[in-house]
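In: Here's my sequence, what's the structure:
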Amino acid sequence: MRILHTSDWHLGQHFMGKSRQAEHQALIDWLLVQVDAHAVDAVLIAGDIFDTGAPPSYARELYSHLVVRLHRAGVALLLLGGNHDSVATLGESRALLAVLNTTVVGAVGDAADHVVVLPQRGDAGGSHEPGCIVCAVPFIRPRDVWQSQAGQSAQDKQQSLQAALQAYYQAVVDAGRARQAQLQQTLGRVVPLIATGHLTTVGASSNDSVREIYVGSLDAFPTAAFPPVDYIALGHIHQPQKVGGLHHIRYCGSPIALGFDEAKQQKEVLLVDLDASGLAGVTPLPVPRFQALIAVSGNLAALPQAIATAATQGTAEQHAWLEVTVAEDDYLQDLPERINAMVQGLPVEVLRVRRQRTSAAAALQSAAQETLDELSPHDVFARRLAAETLAPELQQALEARYRAVVQSITSPTDPTEEGTA
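Out: Residues are numbered from 1 along each chain as shown. From the prediction side, this is the model:
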């Protein structure tokens, strides 16, 4: 049995004024080619198929196309709800999708209802042999499994919530093992057992694009608290990784970069091979980059070359998207205009300009014992200027200009004098 494990597609993401529709369409086209090329039996999406609870119509259309095309290929689809997904949105078409060999588990319910038998690949209308059993656990909200008690300390709440989550996973896995025993009697062979989750685990490495989720007061679930199964397919963290160095507990990561902080990550999906003995192997399958996202940084002298280098990854038909972080010259008010002048004629589009604050603010704040009443305007400016690396002639010119400005404010010209001038 071969499963393609993926998650966190975020269909419908509105990214700094840009649609990801073309990227997601290219992703689906690519994924379907891989499903055929690698003889995939089933696709498992471990949460956050959508970016919001009310996805735009084109995102729903992409989702529908994925379901139909997998069904035509005789490939089952299992979709888990994530923290970005709406339970109601995922549930509205469950019965219809079931006819198309797609199982949707959007919310927590009775343990037995979360046991899903994924079939081996067959034609769209034929019968399918059971390939593996999935303890299909979606994103868990605290009210689903736990109720706090009056008088509990924060530590008590965390411990009781972790115990409730662990007990729920154990109940689903117990139901899965019961189904495994039934199938073994019927088929005369062991059907492998796996589990899913959409949560943060202890030891997982995250990034800025991931919305932090807390199940009640619990910020991370210990890997040791998962019941023993052959493989655990996780979603929510966008960076692909083993958890705690364990080969069988994995985040596949998002298939496209969902922020500039993910731009340098090699995105992937996982081919998970299972047999009667359990997990036979996990093979990362690198996902091509369908849209160039590039973060560049530097001062105004260095940025033109950095932007020109980034421009080599764009084309006339598809510009590279840039995030530009300006260092040292961040105090200038006309930064956007200066950056726009640098990119003129290049196949790039600047989506965001950031100012990398220097240590000046920290230096000023560190003198917390002093108040502004104890400092003259010249003292404040001198300290701010000292935090910059400037040519001596420029520093002297700025000091002279500042003194002139202060003088004009503190000693304005008398209007009567103007009349006699």
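In: how about the longest helix along the chain: buried residues?
Out: Ranked by number of residues, the top helix in the chain under DSSP state H is helix 154-187. Neighbour-count burial for helix 154-187, counted by 16 or more other CB atoms under 10 Å, picks out 157-158, 160-162, 164-166, 168-169, 171-173, 175-177, 179-180, 183. Where you see a C-beta, it was placed from the backbone N, CA and C, and this is true even at glycine.
In: same question, stretch 54-69
Out: By 16+ other CB under 10 Å, the buried positions in stretch 54-69 come out as 55-56, 59, 62-63, 66-67, 69.
In: could you dump these to a markdown table with pLDDT and secondary structure?
Out: Below are the buried residues of stretch 54-69 laid out as a markdown table (pLDDT from 0 to 100; DSSP: H, G, I helix; E, B strand; the rest coil):
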| residue | pLDDT | secondary structure |
| --- | --- | --- |
| 55 | 94 | coil |
| 56 | 94 | coil |
| 59 | 95 | helix |
| 62 | 96 | helix |
| 63 | 96 | helix |
| 66 | 96 | helix |
| 67 | 96 | helix |
| 69 | 96 | helix |
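In: Max pairwise distance over those: which two?
Out: Maximum pairwise distance among the buried residues of stretch 54-69 (CB to CB): 20.3 Å, between 56 and 69.
In: For the longest helix of the chain, name the packing helices and strands.
Out: Applying 3 or more CB pairs under 8 Å, 6 or more residues apart in numbering; DSSP states H and E, one finds that helix 154-187 contacts strand 115-119, strand 130-135, helix 142-145, strand 193-198.
In: If we use 6 Å, what do you get?
Out: Using 3 or more CB pairs under 6 Å, 6 or more residues apart in numbering; DSSP states H and E as the contact test, the elements touching helix 154-187 are strand 115-119, strand 130-135.
In: highest average neighbour count across those strands?
Out: strand 130-135 (a mean of 24; mean count of other CB atoms under 10 Å).
In: So what touches that strand?
Out: 1, 41, 116-120, 172-173, 176, 179-180, 183, 191-195, 274 (CB atoms under 6 Å, 6 or more residues apart in numbering).
In: if we go to 7 Å?
Out: Contacts of strand 130-135 with the rest of the structure, by CB atoms under 7 Å, 6 or more residues apart in numbering, involve 1, 41-42, 78, 114-120, 172-173, 176, 179-180, 183, 187, 191-196, 229, 274.
In: Alpha carbons only: can I get that strand in PDB?
Out: Backbone C-alpha positions of strand 130-135 (Å, rounded to 0.1, in the frame of the first residue of the first chain) are rendered in PDB as follows:
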ATOM      1  CA  PRO A 130      -8.300  -2.900   1.900                       C
ATOM      2  CA  GLY A 131      -4.800  -1.400   2.000                       C
ATOM      3  CA  CYS A 132      -4.500   0.200   5.400                       C
ATOM      4  CA  ILE A 133      -6.600   1.400   8.400                       C
ATOM      5  CA  VAL A 134      -6.400   5.000   9.300                       C
ATOM      6  CA  CYS A 135      -7.200   6.400  12.800                       C
END
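In: So for it, mean pLDDT?
Out: When pLDDT is averaged over strand 130-135, the result is 96.
In: Quick check: neighbours of it in the sheet, parallel or antiparallel?
Out: Sheet partners assigned to strand 130-135 using DSSP bridges are listed as strand 115-119 (antiparallel), strand 193-198 (parallel).
In: Run the chain-centre distance for it.
Out: 27 Å (CA atoms, centre = their mean, to the nearest Å).
In: for stretch 320-340, same thing?
Out: Using CA atoms, centre = their mean, the offset of stretch 320-340 from its chain centre is 25 Å.
In: Equivalent analysis for stretch 324-343, please.
Out: Averaging C-alpha positions (CA atoms, centre = their mean) puts stretch 324-343 28 Å from its chain's average.
In: Determine how far the last residue of it lies from the first.
Out: 11 Å (CA to CA, to the nearest Å).
In: Give the buried residues for it.
Out: Under 16+ other CB under 10 Å, the buried positions of stretch 324-343 are 324-330, 335, 339, 342-343.
In: Residues touching it, excluding its own?
Out: Taking CB under 7 Å, 6+ apart as the rule, stretch 324-343 contacts 295-300, 303-304, 307, 350, 353-358, 389.
In: For the buried ones among the residues you listed, write the corresponding ChimeraX selection.
Out: Selecting the buried subset of these in ChimeraX, with 16+ other CB under 10 Å as the burial test, is done by:
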select :295,296,298,300,303,307,350,353,358
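In: any chance of the helices and strands packed on helix 154-187 in CSV, with distance to residue 47 too?
Out: Listed next are those as CSV, based on distance: least, CB to CB, whole Å:
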stretch, distance to residue 47
strand 115-119, 15
strand 130-135, 13
